[in-house]
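Output the structure for:
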Amino acid sequence: SLMELGLANVEGLSVLRSFRLLRVFKLAKSWPTLNMLIKIIGNSVGALGNLTLVLAIIVFIFAVVGMQLFGKSYKECVCKISSDCELPRWHMHDFFHSFLIVFRVLCGEWIETMWDCMEVAGQTMCLIVFMLVMVIGNLVVLNLFLALLLSSFSSDNLAATDDDNEMNNLQIAVARIQKGIDYVKKKIQEFIQKAFIRKQKALEEIKALEELNNKKGSCISNHTAVEISKDMNYLKDGNGTTSGVGTGSSVEKCVIDENDYMSFINNPGLTVTVPI
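Residues are numbered from 1 along each chain as shown. Reported below is the predicted structural model:
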């Protein structure tokens, strides 16, 4: 950026650039697991602060006790643990080094320092002090940190807040895009189906009209009537004119003019075949 170019020659600016690593925490917005971890640690800060204060007090007390009990012994019997009769790196002659030894014991490295203490001050007192530091400081207080964090994890999972159940912004965007694609596909399928159905109906209608026209073209204007043999007076009533009447048979073929269609109404004994 322009600010970096202007401050390129300023000493100590590289240290400030290291704060860019904090940008990693921006991933919490799109990473639900990291967001949950940060939230749990943030909710546990208050209780962890109180527990840290208790641990600091315990370390301070044991550092003072070690300096008071073993400070003179380290100074007087230093030749037992050092070949040049000078105080080694780890001793309890002053408060600072005694504090460092207690902290080292809490970290789990206590065998070497306890052995040096037993060489200069005796076994009984060193065993009592170091065992108390291990039990109270390491096995109790430090494990309380883990118990507190685990309880925070379990309570957060049981609470199941609305923020944890909601999808992140990226998942919401992907879901919306997928929903839009499905909607477009559905509409396209419906449009194609409707167009196909309309086309099919149109073809069926055209086919039906063609069949009807073909039937009309093949029809003739005269009709065939069947006269029942009992009604022999049809020709005398003037309901139609006959031609080519076949005698000696019960079925006679009558040709009716187009102007005499209404004459069929007066004679119910006739059967007329008409085109459909």
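
what ranges of the stretch 151-276 of the chain fall below the confidence cut-off?
154-170, 216-276 (pLDDT under 70).

Tally up the residues packed near residue 183, please.
Each residue near residue 183 was counted by other CB atoms under 10 Å, and the total is 10. All C-beta spots, glycine's among them, are computed from the backbone N, C-alpha and C.

772 is where my numbering starts, stick with that
Noted, 772 is the first residue going forward, which turns the last one into residue 954.

what about it, is that helix, strand or coil?
helix (DSSP: H, G, I helix; E, B strand; the rest coil).

From residue 948, how far out is it?
Distance, residue 954 to residue 948, by CB to CB, to the nearest Å: 11 Å.

Break down the chain into its helices, ranges please.
For the chain, helices defined by DSSP state H occupy the ranges 773-777, 784-788, 803-814, 816-847, 866-877, 882-892, 894-903, 914-930, 933-936, 940-989, 1034-1037.

Need the mean per-residue confidence for the fifth one.
The average of the pLDDT scores along helix 866-877 is 92.

likewise the third one?
Confidence over helix 803-814, taken as the mean pLDDT, stands at 78.

Would you mark the buried spots in it?
Neighbour-count burial for helix 803-814, counted by 16 or more other CB atoms under 10 Å, picks out 803, 806, 807, 810, 811.

Can you add distance to residue 962 and give the residues you listed back as TSV?
TSV is the format used below for the buried residues of helix 803-814 (distance: CB to CB, whole Å):
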residue	distance to residue 962
803	40
806	43
807	46
810	48
811	52
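
Domains of this protein: list them as residue ranges, please.
The chain breaks down by automatic domain parsing into domains covering 773-930, 995-1037.

And the helices of the chain: which comes nearest residue 854?
helix 882-892 (13.0 Å; CB to CB).

Contacts for that closest one next, please.
840-841, 844-845, 847-849, 851-852, 859, 861-863, 872, 875-876, 897-898, 900-901 (CB atoms under 8 Å, 6 or more residues apart in numbering).

Buried ones from those, can you make that a ChimeraX selection?
Buried residues among the contacts of helix 882-892 (16+ other CB under 10 Å), as a ChimeraX selection:
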select :840,841,844,845,848,849,852,861,862,863,872,876,897,900,901
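
returning to that earlier point: quick one: which of the helices of the chain is nearest residue 796?
Nearest to residue 796 among the helices of the chain is helix 803-814; the distance by CB to CB comes to 6.9 Å.

elements contacting that closest one?
Secondary-structure packing of helix 803-814 (3 or more CB pairs under 8 Å, 6 or more residues apart in numbering; DSSP states H and E): helix 914-930.

Try it again at 10 Å.
helix 914-930, helix 933-936 (3 or more CB pairs under 10 Å, 6 or more residues apart in numbering; DSSP states H and E).

quick revisit: adding distance to residue 796, write the helices of the chain out as TSV.
Listed next are the helices of the chain as TSV, based on distance: least, CB to CB, whole Å:
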stretch	distance to residue 796
helix 773-777	21
helix 784-788	17
helix 803-814	7
helix 816-847	15
helix 866-877	29
helix 882-892	39
helix 894-903	40
helix 914-930	18
helix 933-936	17
helix 940-989	16
helix 1034-1037	100
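
So which of the buried residues of helix 803-814 is the closest to residue 826?
Taking CB to CB as the measure, residue 826 sits nearest to residue 811 out of the buried residues of helix 803-814, at 20.3 Å.

So that closest one versus residue 953, what's the distance?
Taking CB to CB, one finds residue 811 at 37 Å from residue 953.

what do you get for residue 821?
53 Å.

got it, and residue 842?
79 Å.

With residue 849 instead?
82 Å.

Could you do residue 974 as well?
32 Å.

can you check residue 856 too?
As for residue 856, its distance to residue 953 is 85 Å (criterion: CB to CB).
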